[in-house]
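A.B. asks: Next comes the sequence, and after it the predicted model I'd like to discuss.
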Amino acid sequence: MKKDQGVNVNKKKISDLFGKELKIANLGLESMAVSLETQDIQVQQIDWKPPRQVVPNLMYTDTDISIEDANQEAVNRIMGSKAVLVGMGIAKDVIPGMHDRMILHAGPPVEWERMCGPTRGAVMGALIYEGFTQDEKEAEKLAASGEFEFSPCHHHQTVGPMAGIVSPRMPVFIVENPVWNVRAYATLNEGLGKVLRYGGMGEEVYKRLSWMEEVLYPNLSNALEKIPGGIDLKNLIAQALHMGDECHNRNRAGTSLFMRSIAPSLIRVQKNPEDIAKIFEFINSNDHFFLNLSMPAGKAMLLPAEGVEGCTILTVMARNGTDFGIRIASMPDRWFTAPAGVVDGLYLPGFSEQDANPDIGDSTITETAGFGGFAMAAAPAITQFVGGSPSLAHDITLEMYEITQTEHKDFTIPSLGFRGTPLGIDVRRVMETGILPRINTGIAHRKPGIGMVGAGMLRAPKKCFVDAFNEFNKIYCSKKENE
Amino acid sequence: MEIRTRVIKGQYHDSVLLMLAAKEIKKVEGVVDAAVLMGTEANKALLKQAGLLTEEAQSASADDLVISVKKDKGVDAILSQIDDYLVNKSPTAAGSLKKELQSIRSAVRSDLKLNFAEISVAGAYAAREARDALANGLHVLLFSDNVSIEDEISLKKYAVSQGLLLMGPGAGTAIINGVGLGFANALPPGPVGIVSAAGTGLQEVSSILARFGVGISQAIGTGGRDLSMNVGGLMAIAGIKALIEDMNTKVIVLISKPADDEVKEKILDVLKTGKKECVICTLGAKFERPQDGNIHFTHTLEECAYKAAAIMGVDLPDFQLFIKNEIKKQQAQAQELRSKLGSGQKFIRGLYSGGTLCYEAQVIWKEMLKEPIFSNAPLDKKNYLKEKNSHQFHTALDLGEEEFTVGRPHPMIDNDLRARYISMAASDPTTAVVVMDVMIGYGAHPDPGLELGDAVKLAKKEADQHGRALLVIACVTGTMDDSQGLAETITKLEKAGVVVCETNAQSARLAGLVVTS
């Protein structure tokens, strides 16, 4: 068919409907659906609720950008992206803007005085690990001295779980999105228990970090160099979703898949069987090893959506244990924050809610990128970790479809008939439906140095979304009569 | 007597369920009045009117469920009862996440292959949902009222650009591919395609046609404002074009109240180029000639149906001749009915559930009666009825108008309101005759014949006690295939002493003859 035959060639007409079987969605009075059912007509009753509050119906910006189109563009960029583990490096050498006296942390910006216990502990631990001091008290003074610059990971294309502390010496994964030629970074996962990312301090923490730097890092790095094209993380995430992971709080399948991918190459580059065995034992003992790969993969795929004009899709959700912050694509440098919430969770023996720090970590990048808590239906076993029931996991995913722009074309959920995962949190839909994003997460002890005390679920705080929506409306839609 | 309120934070139920709950409470011995509603400002105003607005209710927000009960004593028990009732009835109250689809978007994304949406949510939210449906490629019947004209225009422009139907807002009736949407009747398939800006008008014309043995191809409702200057007949024209293209449509019928002149010209142009036979019913309009090429002009629903049937080959005499004979027959009947009335019984009390039927009756009375007919929906604004229960003149009430239906089901669904007005008419010594429509079919009350019949019996008894007779004339709009049954409904009404006519126009004429003879 020639293009110049005019636009009407394929145009839909009202009369096309005539003679076709009606398949009807009924929104509102159920009696109307009943009267259709008596005529043997297929009706789907929509379980509609009015918006929790009436918000302006934003359709176009003042410059006539269709917000719907802009949002579609953003999710197309995310879905069209790739995430490949291409190599490793030392933080201060590879992370943009990183320097010798900089410490990165999770979530939105926060000064030392407002940092929560686990973040403070992790900062102090990092200073000791870096060799600035041997002493915790001294480390605290040093941290408060202003000699060190604290900066959010997200300002450096980096993501960190829990406290998310990245110090100059730490080895990091380099994840590339070759479609858009952008990179994201993350440290290596230390495992559960007393670890730096939960604010853990002490000899065993530093010893582990040193082993990771001296043994784990060079071996993995060398092995990666021998894998042409790197390891396709997007592919691993897609597979893991079919194996019971949601790639935020369940990474058992993803970790196994990573071991399979790296093993032959690792054996080729390291001749000492004991080192290889130790590396495998370390990864094998830590079901969360893959989290520090799924997170930068999510970040690498979200980066291209930043800066899409007129877009209301989230590109960041992150917490620092004090504040919860979001950023949207059209205002990629603005944070909209609210106090971080308290996690409703299951606690390890000996701990309770009294011990819990508010929500913390950059790991919500996974939900933002269309997996993690949003893909809980793919991971019924997750509920053993974060509480709830498999049917709740299922319902959570279904609920998230209501606030997302699309369904991911590459990440699918077998139990939902291979439906795509909910992708692209739209601030407008959050405001209209009153449905806040669901998050599942680990819980850190509120005091530094203790570590993980449980895991659970919560929703993102409403205020971030209200503020982002109002600001978007003010900046982009102030002149338009959007209802 | 005490008024007590309970506010349940953040619990939403749709208004029909709440009204049903309120109805149940009112049945409880000793309850004077009760309201169960969401705490919106509009609803608070209703509570205030009803004298049920307590401080607690005033403090509720739009997300909160408010239960207010006026009762002798023991109110608290009632309040907990209503809670149980709602929990039992509504799965949303259970607090767990539901698996049902919560938006049109998700429904379209699911595996259902939807092509149509019926929307009846509150007007404030309706436009947004309709836009969502259109954007997802669905044809829409927008049942909701209270949608702004700006939204109507933008929705219709968008629908036309996408080749989709946007019927409404306020479209109560449509028949697409033989499926009755909203309030509609069980009709045979056939050659007549209808575009109507008037829901009950569509029902009346299609029901009369069915009785002539003539069926319907498609019937498209446009909503009452479509032919105004602002909307410009966007959906009427789109609908007519679709019917012109439709092989199964031989005759096109267009039903409306008087349209904007420019819009009318545009529509006539489209109809002329379409070449199909057309019958235009413009209620109450005067035409210079009855026919212009392929276009026939009529001014009542009855005449419109009659004309369309004649075009389809039903053997009928000329309409003017038919009317003459009809009136002759009715005159004798009217005299007999009149003889039962006292000399003070002078006025017609029209009590309609269908807006178009109320309008058609006024068109007929305007020609027959010397005195003006006052109405809440008058032909002429100067006859606007301010005082609903006047004893001074003829009245025609459209009980389906918003002023009567806020917080209450439509009189086509619920007969309580009409029963009350019948009783009021009976207690009025100046009432000569009550005239009403009885709608059956999809969406309508399951047995209006029984309930309205009972109301008439009661009212007649009441009039009798005052030494008067009460005349009630009605017509039943519907077909023998409607679940309520045409013949059964007529029988029930006749048993209650109602004089039942075949068409709405006929019942209006008979009433007119009664008060003029």
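C.D. replies: Thanks, I have the structure now. Residues are numbered from 1 along each chain as shown, chains lettered A, B, ... in the order given.

A.B. asks: correct me, but residue A:332 touches residue A:315?
C.D. replies: Yes. Under the criterion of C-beta atoms under 8 Å, residue A:332 makes contact with residue A:315 at 6.2 Å. For the C-beta atoms, the positions are set from N, CA and C on the backbone; glycine is no exception.

A.B. asks: Now do the shared contacts for the two.
C.D. replies: residue A:306 (C-beta atoms under 8 Å, 6 or more residues apart in numbering or on different chains).

A.B. asks: Verify the contact between residue B:122 and residue B:147 for me.
C.D. replies: No. Judged on C-beta under 8 Å, residue B:122 makes no contact with residue B:147 at a distance of 10.1 Å.

A.B. asks: which one of those two has more residues nearby?
C.D. replies: residue B:147 (22 against 16; other C-beta atoms under 10 Å in any protein chain shown).

A.B. asks: Please name the residues that touch the most centrally placed residue in chain A.
C.D. replies: Geometric centre of chain A, nearest residue: residue A:365, 1.6 Å, by C-alpha atoms, centre = their mean. Shown in contact with residue A:365 (C-beta under 8 Å, 6+ apart): A:159, A:295, A:298-299, A:302, A:316-318.

A.B. asks: again with residue B:264
C.D. replies: B:227, B:282.

A.B. asks: Using the three-state scheme, assign it.
C.D. replies: Following DSSP: H, G, I helix; E, B strand; the rest coil, the label given to residue B:264 is helix.

A.B. asks: Flag the shaky bits of the chain, pLDDT-wise.
C.D. replies: Went with chain A since none was named. A:1-10, A:52-54, A:480-483 (pLDDT under 70).

A.B. asks: Wait, chain B was what I had in mind.
C.D. replies: Ranges of chain B meeting pLDDT under 70: B:14-17, B:75, B:83-100, B:388-391.

A.B. asks: please redo it, this time with the cut-off set to 50
C.D. replies: B:88-99 (pLDDT under 50).

A.B. asks: who's in contact with the longest helix seen in it?
C.D. replies: In chain B, taking DSSP state H as the definition, the longest helix is helix B:319-338. By C-beta under 8 Å, 6+ apart, the residues outside helix B:319-338 that reach it are B:303, B:306-307, B:310, B:316-317, B:433, B:471, B:499, B:506, B:509-510, B:513-514, B:517.

A.B. asks: C-terminal to it, what's the next element?
C.D. replies: strand B:347-352 (DSSP states H and E).

A.B. asks: Listing partners with orientation, what would you give for that next one?
C.D. replies: In the sheet, strand B:347-352 lines up against strand B:394-398 (parallel), strand B:431-439 (parallel) (DSSP bridges).

A.B. asks: Which one of the ones you listed lies nearest to residue B:420?
C.D. replies: Nearest to residue B:420, of all the strands paired with strand B:347-352, is strand B:394-398, at 11.5 Å by C-beta to C-beta.

A.B. asks: Residues touching the very next helix or strand once past that closest one, excluding its own?
C.D. replies: Heading C-terminal from strand B:394-398, the first helix or strand you meet, by DSSP H and E, is helix B:402-405. Helix B:402-405 is contacted by residues B:145-146, B:376, B:411, B:417 when judged by C-beta under 8 Å, 6+ apart.

A.B. asks: filter those residues to the buried ones?
C.D. replies: B:145, B:376, B:411, B:417 (16 or more other C-beta atoms under 10 Å in any protein chain shown).

A.B. asks: of residue A:332 and residue A:315, who's got more company?
C.D. replies: residue A:315 (28 against 16).

A.B. asks: Double-check that the more buried one belongs to a helix.
C.D. replies: No. Residue A:315 is assigned strand when assessed by three-state DSSP, not a helix.

A.B. asks: And it, how far from residue A:140?
C.D. replies: 34 Å (C-beta to C-beta, to the nearest Å).

A.B. asks: related to what we said a few turns ago, just the contacts of helix B:319-338 now: which is nearest chain A?
C.D. replies: residue B:307 (23.9 Å; C-beta to the nearest C-beta).

A.B. asks: what sits against that closest one?
C.D. replies: B:279, B:296, B:298, B:319.

A.B. asks: between the residues you listed, which is closest to chain A?
C.D. replies: residue B:279 (20.2 Å).

A.B. asks: ok, the helix or strand where the closest one lies: who's next to it in the sheet?
C.D. replies: Under the criterion of DSSP H and E, residue B:279 resides in strand B:277-282. Applying DSSP bridges, strand B:277-282 is found paired with strand B:251-256 (parallel), strand B:295-298 (parallel).

A.B. asks: Could I get the CA-only coordinates of that strand as PDB?
C.D. replies: Provided in PDB are the C-alpha atoms of strand B:277-282 (Å, rounded to 0.1, in the frame of the first residue of the first chain):
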ATOM      1  CA  GLU B 277     -35.600   7.700   3.100                       C
ATOM      2  CA  CYS B 278     -35.600   9.700   6.300                       C
ATOM      3  CA  VAL B 279     -38.200  10.600   8.900                       C
ATOM      4  CA  ILE B 280     -37.400  13.500  11.100                       C
ATOM      5  CA  CYS B 281     -39.300  14.000  14.300                       C
ATOM      6  CA  THR B 282     -38.700  17.400  15.700                       C
END
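
A.B. asks: Go ahead and name everything in contact with it.
C.D. replies: B:201, B:205, B:250-259, B:264, B:271, B:294-301, B:303-304, B:307-308, B:311.

A.B. asks: what's the farthest-apart pair in the contacts of helix B:319-338?
C.D. replies: Applying C-beta to C-beta across those, the maximum distance is between B:310 and B:471, 32.7 Å.
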